[in-house]
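Colleague: Below is the sequence, then the predicted model.
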Number of protein chains: 2
Amino acid sequence: MDTGVTTFDLDGWMRGHLAHVEAALALWVVADAPAGLGEAMRYAVLDGGKRLRPLLVLAASEAVAGDASAALRAACAVELIHAYSLVHDDMPCMDNDVLRRGKPTVHVQFGEAQALLAGDALQALAFEFLTPADDAIPAAIQARLCRLLASSAGYRGMAGGQAIDLASVGRALSEAELRQMHRLKTGALLQASVEMGAACGAASDANREALAAYGIALGLAFQVVDDILDVTADSATLGKTAGKDAQADKPTYVSLLGLDRSRAHAQELLAQGLAALRSSGLPDVRALAALARMVVDRDK
Amino acid sequence: MDTGVTTFDLDGWMRGHLAHVEAALALWVVADAPAGLGEAMRYAVLDGGKRLRPLLVLAASEAVAGDASAALRAACAVELIHAYSLVHDDMPCMDNDVLRRGKPTVHVQFGEAQALLAGDALQALAFEFLTPADDAIPAAIQARLCRLLASSAGYRGMAGGQAIDLASVGRALSEAELRQMHRLKTGALLQASVEMGAACGAASDANREALAAYGIALGLAFQVVDDILDVTADSATLGKTAGKDAQADKPTYVSLLGLDRSRAHAQELLAQGLAALRSSGLPDVRALAALARMVVDRDK
């Protein structure tokens, strides 16, 4: 098995796969929804974002020789859940943010009510993506994808993590509590991306478990790096307001561990993720390995 | 075929089925979600509501001899979507309502941010209900239920209708435009309730089409009666703020047709629904017929 980045052209791999994802989103996220709703939905989803979650779905699906059509739908569905969560997160009653991906946030552009509805409609659309009526995707895969996405988006995943986040402002969290919050808030959907990719193919239980372990490590690493960048990068580079968590007195890995130990922790998590891939028994996990390295080495 | 209400004990039928629905919701809508989220979710769902949508699911499933376990899950899932839509609808950026089912609305009780999250988590939980991992429900039924629920909740259904509603305040709508708005906003989920019930059994295409036609008529009748009650009933009876649509200068059937023609229209729609049931070819549609009569004859 090879996890080496030297033998793998991640940029080329990403270019091709991102083109598919962008084209599918542009086609499937409808502009013809009534009364401006489609416009707000497209604004929230298109022309922005690193598309990390879709790339994880596609890489995991390829690692298990999964159904490419199911994987593309799953990739787009996960991105819709991510996009809706950002729309709702940015609203005045939550983080009250005005800048996202270098553009005004959805509620600034379209009003709060439309932003609320667009987020709601994007969540529903994610499950539509996963359940095409034409039977091109076996029902067992459709059901499994819905199950993974629903549980990672809901109270045991993203929404639950947001609730902990809300309740934690101004409170001192232990590292264990902080990890639990991020494991739900950001980690659950990243982990689900990997598991949904695996669900598109005939992975063994051992394959799945190794990929899930990779997903957990990657999800935590992502958040540690996010916290580091919130301190070290500027708003122009990030495309969103920098220094925001520190200002809001939110607990972060940096406030808890300091910058150096946070960086070291990100490297440890990367090593854990790569070790999980090595233990997976899958013949080619180079794209997954390269994506994990990208997550840890990114500067925005 | 018998649609007669004289030979059918609707109250007894409802008592038994409501007990199942309430018990399932109390069991499945989790209190142990983190940081108060579960409490807000339960508050939004339990101890209130007519449960019309769950009853439609169960009645339609029984009409096609459907899988009772799948139908109960579908019944609860539809109710979660309905409940989440009320939570978000009541928020200050939407209808800004403080009273619902005789209680303070969720954002009044728990704050806006928690209300937003609880609504989001309830939508995800609906799809969790439909996709249990134990294979007790065939994957084909799980996938079909998710498809019906997602499309009726999203931009082509409830969320789309809400967007039209938002855009229509203070504008004169034609009857056709008003019908289109309600067909999406309220009708789509009521129709989906009937279709999801039908999806729990082996209904023929003709069965399904007749039930869908019944669902469309019932959905419109429901809204016409809602508009009538907004004018004729008081807040204490309704358990929500009466006269609200008129105050907000929202177009309603009553503002468009007047009270008498609205009442006549509700009766026409009831007759259409009952005719669809008669044409369905199903042997026992008494519960569906009685529910339609109840919707039109209700005083709250």
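Modeller: Good, I have the coordinates. Numbers count the residues shown, from 1 in each chain, chains lettered A, B, ... in the order given.
Colleague: pLDDT below threshold where in chain A?
Modeller: A:1-6, A:234-249 (pLDDT under 70).
Colleague: Just give me the longest helix of it.
Modeller: helix A:205-232 (DSSP state H).
Colleague: Could you report the neighbour count for the closest residue to residue A:226 other than its chain neighbours?
Modeller: Excluding its sequence neighbours, the residue lying closest to residue A:226 (C-beta to C-beta, 6 or more residues apart in numbering or on different chains) is residue A:186, at 7.5 Å. Heads up, the C-betas are built off the backbone N, CA and C, glycines and all. The number of residues packed near residue A:186 is 22, by other C-beta atoms under 10 Å in any protein chain shown.
Colleague: about what we covered before: show me how far the longest helix of chain A is from its chain's centre.
Modeller: Helix A:205-232 has its C-alpha centroid displaced from the chain centroid by 10 Å (C-alpha atoms, centre = their mean, to the nearest Å).
Colleague: Same question for it: list its buried residues.
Modeller: A:207-208, A:210-231 (16 or more other C-beta atoms under 10 Å in any protein chain shown).
Colleague: Please enumerate the helices of the stretch 1-150 of chain A.
Modeller: Counting by DSSP state H, counting those that start in this stretch, one finds helices in the stretch 1-150 of chain A at the ranges A:10-28, A:37-45, A:52-63, A:68-89, A:106-110, A:112-129, A:139-153.
Colleague: Take the ones you listed and write them to CSV, including mean neighbour count and distance to residue B:198.
Modeller: Putting the helices of the stretch 1-150 of chain A into CSV (neighbours: other C-beta atoms under 10 Å in any protein chain shown; distance: least, C-beta to C-beta, whole Å) gives the following:
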stretch, mean neighbour count, distance to residue B:198
helix A:10-28, 15, 27
helix A:37-45, 24, 28
helix A:52-63, 27, 33
helix A:68-89, 25, 25
helix A:106-110, 21, 36
helix A:112-129, 27, 19
helix A:139-153, 25, 17
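Colleague: and those as JSON lines, adding distance to residue A:166?
Modeller: Putting the helices of the stretch 1-150 of chain A into JSON lines (distance: least, C-beta to C-beta, whole Å) gives the following:
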{"stretch": "helix A:10-28", "distance to residue A:166": "29"}
{"stretch": "helix A:37-45", "distance to residue A:166": "21"}
{"stretch": "helix A:52-63", "distance to residue A:166": "23"}
{"stretch": "helix A:68-89", "distance to residue A:166": "10"}
{"stretch": "helix A:106-110", "distance to residue A:166": "18"}
{"stretch": "helix A:112-129", "distance to residue A:166": "16"}
{"stretch": "helix A:139-153", "distance to residue A:166": "17"}
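Colleague: show me the residues around residue A:105 that make contact.
Modeller: A:87, A:90, A:97-99, A:115 (C-beta atoms under 8 Å, 6 or more residues apart in numbering or on different chains).
Colleague: Which residue lies closest in space to it, excluding its sequence neighbours?
Modeller: Using C-beta to C-beta, 6+ apart and skipping the chain neighbours, the partner closest in space to residue A:105 is residue A:90 (4.1 Å).
Colleague: Need phi/psi at that neighbour.
Modeller: The phi and psi values for residue A:90, taken as degrees, to the nearest 10, are phi -80, psi -10.
Colleague: Give me the neighbour count for it.
Modeller: 24.
Colleague: Quick check: it vs residue A:98, distance?
Modeller: For residue A:90, the distance to residue A:98 (C-beta to C-beta, to the nearest Å) stands at 8 Å.
Colleague: Please tell me how far the helix or strand that residue A:166 is a member of is from the chain's geometric centre.
Modeller: According to DSSP states H and E, residue A:166 maps onto helix A:158-168. Mean-position distance between helix A:158-168 and its chain equals 16 Å (C-alpha atoms, centre = their mean).
Colleague: If I take it and helix A:139-153, what angle do their directions form?
Modeller: Angle, helix A:158-168 to helix A:139-153, by axes from the mean of the first three to the mean of the last three C-alpha atoms, to 10 degrees: 0 degrees.
Colleague: Skipping its backbone neighbours, what lies nearest residue A:216 in space?
Modeller: Spatial nearest neighbour of residue A:216, chain neighbours left out: residue A:191 (5.5 Å); criterion: C-beta to C-beta, 6+ apart.
Colleague: Report all helices and strands that the helix or strand where the one you found lies contacts.
Modeller: Using DSSP H and E, residue A:191 sits in helix A:188-199. Applying 3 or more C-beta pairs under 8 Å, 6 or more residues apart in numbering or on different chains; DSSP states H and E, we find helix A:188-199 packed against helix A:52-63, helix A:68-89, helix A:139-153, helix A:158-168, helix A:205-232.
Colleague: Which strands or helices does the second one pack on?
Modeller: In terms of contacts (3+ C-beta pairs under 8 Å, 6+ apart), helix A:68-89 is packed against helix A:10-28, helix A:37-45, helix A:52-63, helix A:112-129, helix A:139-153, helix A:158-168, helix A:188-199, helix B:112-129.
Colleague: since we're on residue A:97, how many residues are nearby?
Modeller: Residue A:97 has 17 neighbours, counted by other C-beta under 10 Å.
Colleague: can you tell me how far it sits from residue B:48?
Modeller: From residue A:97 across to residue B:48, the span is 34 Å (C-beta to C-beta).
Colleague: same check, this time on residue A:48
Modeller: Distance from residue A:48 to residue B:48, by C-beta to C-beta: 40 Å.
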